[in-house]
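Peer 1: Here you go, sequence then predicted model.
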Amino acid sequence: MASDSTSSNTTTSSNSSNNDLLLVIDGQQSINTTTVANTSAARDQTSVIIEPQDYLKIGSTFKLVINRFADLGNDHIVSPVFNIGLTTIWYVKVKPWFTDGNGRHYLSVHLFLCYSDERSVRAKYTVSILDNSDHSLQNSRSCGCLQYKLTGDGWGYQKYCDRRWLIDHRSGQLLLPNNQLFLVFNIEVSVPQTVSIEDNYLQELHNVCGLKWLADFRILVSGKEFYVHKCILAVRSPVFAAMFSATTTSTTTTTTTTTGADRRCFTVTNDKSIDTLVVNDIMDVDVFRELLTFIYTGRLGQLASAELPLPTSQPTVSSMAYYAKLLAAAHKYAVRELKSICEDIIYRGVAIGTAVQTLVLAEQCAALKLRERVIDYIADNLQSVRTVTDQQMWKQFIDGYPEAVDAIFEAIRALIIYVPSYSSTVEKEFST
């Protein structure tokens, strides 16, 4: 640090007019000192980089505009407070007229910590004067990585620049246009990186998923091998639990097929090294990988997150198809939480032209929540749904899913209570 820099933990006060100072946050609109800086604007403009040694580095750029600079005395001017990141609040203190022991006058600049959630914060910054002739930065001075331990700690320069040089007539129009001084701060703050125990635990489980290390079971899907751990799959999926119980009671056999409706879908074989589940039905490898990720972590993986629509938007056609496959997989292996998530997302994408297909999907996957919602949707929009739905598909739906048709009639009867003229329309649509 330069010899003229100082540290302070005193309470700052200002005797200067609030109209003399403005703060611009990363190019956002100027803010008067009578108000608190818009912290959300500061957050949106910051860049976040993960540093080694478990520190989170956050960088922001701020511009301080001091009006009537040449007319100001030796009182301190304090900027509005501003956020850097989510856990630290700062302010700048400027003294336009600092006089040293030799009678020379300087501009004094310091950066103060106003508040922090952390016990210790590191910060380094560069302060420069904006040259309005070519918008270059003049007299740039940097403070190294300094430690702020207490609220009110401040580091900076008592002798940042010679005041006489700054207001000299040869440079006054360049550095002080209209008697305004523009100070630009580039600040980097490093705070201890807070790691969630839950996130760390789930990440470790995610890293284990699919690794051969310590795996005691193998699943083969369309030629792709997935190495898994029986205990995790059994706890999260009743289907896997039943399957593993069946195979452990018949270890003398080399091949075991499951019973029930899914008899043809997969086969468990036993070789000398590890038991293997061969998924015989048509299963998308990416979908199965997503299923395993959710079984291990309880969260959607990167692929599903990329397809995940915003809460206020409808899913795209591609994401609807993806989540339909994921719903089928979650149903097949009885992963209830994943099934519920898929139902919610799919329903957000229901439209007039897809309502029947979505109801068929809900019937096939026993997705009761989705089924109930889509039935109400069709009942509310029966004429439109019937108009855009293919004639053959509509007939197959009526013949193949009579219980769903009855449920639609029940929903429509509730509407008829309020709209008596609706009954004739209903009979016409279902009679074709």
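Peer 2: Received, thanks.

Peer 1: what about stretch 71-89, average pLDDT?
Peer 2: Mean pLDDT, stretch 71-89: 80.

Peer 1: what comes up buried for the helix or strand containing Arg164?
Peer 2: Mapping Arg164 onto the secondary structure by DSSP states H and E places it in helix 163-167. For helix 163-167, a neighbour-count test (16 or more other Cβ atoms under 10 Å) marks Arg163, Leu166, Ile167 as buried. The C-beta positions use only the backbone N, C-alpha and C, and glycine is treated the same way.

Peer 1: who touches the second one in this structure?
Peer 2: Meaning Leu166. By Cβ atoms under 8 Å, 6 or more residues apart in numbering, the contact list for Leu166 reads Leu107, Ile129, Leu175, Leu176, Leu181.

Peer 1: Can I get the buried part of the residues you listed as one ChimeraX selection?
Peer 2: Provided next is the ChimeraX selection string for whichever of the contacts of Leu166 are buried by 16+ other Cβ under 10 Å:
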select :107,129,175,176,181
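
Peer 1: Next step: the contacts of Leu166 restricted to strands.
Peer 2: Within these, residues falling in strands by DSSP state E are Leu107, Ile129, Leu181.

Peer 1: Quick one: the contacts of Leu166 as CSV, columns for distance to Leu72 too.
Peer 2: Formatted as CSV, the contacts of Leu166 follow (distance: Cβ to Cβ, whole Å):
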residue, distance to Leu72
Leu107, 10
Ile129, 16
Leu175, 15
Leu176, 12
Leu181, 9
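
Peer 1: ok, so what distance separates Phe185 from Thr61?
Peer 2: Using Cβ to Cβ, to the nearest Å, Phe185 is found at 7 Å from Thr61.

Peer 1: is it true that Leu175 touches Gln138?
Peer 2: Yes - between Leu175 and Gln138 there is a contact under Cβ atoms under 8 Å: 6.7 Å.

Peer 1: which SS class is the closest residue in space to Ile187 that isn't next to it in sequence?
Peer 2: Computed as Cβ to Cβ, 6 or more residues apart in numbering, the closest residue to Ile187 that is not its neighbour in sequence is Tyr125, at 4.2 Å. Applying DSSP: H, G, I helix; E, B strand; the rest coil to Tyr125 yields a three-state assignment of strand.

Peer 1: pLDDT score assigned to Tyr125?
Peer 2: Looking at Tyr125, its pLDDT stands at 90.

Peer 1: from what I can see it touches Val109, true?
Peer 2: No - applying Cβ under 8 Å, one finds Tyr125 not in contact with Val109, separated by 9.9 Å.

Peer 1: Now do the shared contacts for those two.
Peer 2: Contact with both Tyr125 and Val109 is made by no residue, according to Cβ under 8 Å, 6+ apart.

Peer 1: Check which helix or strand Thr61 maps to.
Peer 2: Using DSSP H and E, Thr61 maps to strand 55-66.

Peer 1: so what strands line up beside that strand?
Peer 2: strand 21-25 (antiparallel), strand 47-51 (antiparallel), strand 181-192 (antiparallel) (DSSP bridges).

Peer 1: Return the member of the ones you listed having the minimum mean pLDDT.
Peer 2: Taking the mean pLDDT of those, strand 47-51 comes last: a mean of 33.

Peer 1: before we move on, the earlier item: and which of the contacts of Leu166 is nearest Thr297?
Peer 2: Taking Cβ to Cβ as the measure, Thr297 lies nearest Ile129 of those, at 51.4 Å.

Peer 1: For that closest one, give the beta-bridge partners.
Peer 2: Gln138, Leu183.

Peer 1: going forward, begin numbering at 16 instead of 1
Peer 2: New numbering, starting at 16: the last item is Ile144.

Peer 1: Test for you: state the pLDDT assigned to it.
Peer 2: Looking at Ile144, its pLDDT reads 88.

Peer 1: who's more crowded, Phe200 and Thr76?
Peer 2: Phe200 (20 against 16; other Cβ atoms under 10 Å).

Peer 1: Could you list the single helix or strand in this structure with the lowest mean pLDDT?
Peer 2: helix 54-60 (a mean of 27; mean pLDDT, DSSP states H and E).

Peer 1: Now the helix or strand Ala261 falls within - C-alpha only, CSV.
Peer 2: Assigned by DSSP H and E, Ala261 belongs to helix 253-263. Backbone C-alpha positions of helix 253-263 (Å, rounded to 0.1, in the frame of the first residue of the first chain) are rendered in CSV as follows:
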residue,chain,number,x,y,z
PRO,A,253,-40.1,-49.7,-4.6
VAL,A,254,-39.7,-51.3,-8.0
PHE,A,255,-35.9,-51.6,-7.6
ALA,A,256,-36.3,-52.8,-4.0
ALA,A,257,-38.6,-55.6,-5.1
MET,A,258,-36.3,-56.5,-7.9
PHE,A,259,-33.2,-56.7,-5.7
SER,A,260,-35.1,-58.7,-3.1
ALA,A,261,-36.1,-61.3,-5.7
THR,A,262,-32.5,-61.6,-7.1
THR,A,263,-31.0,-62.0,-3.6
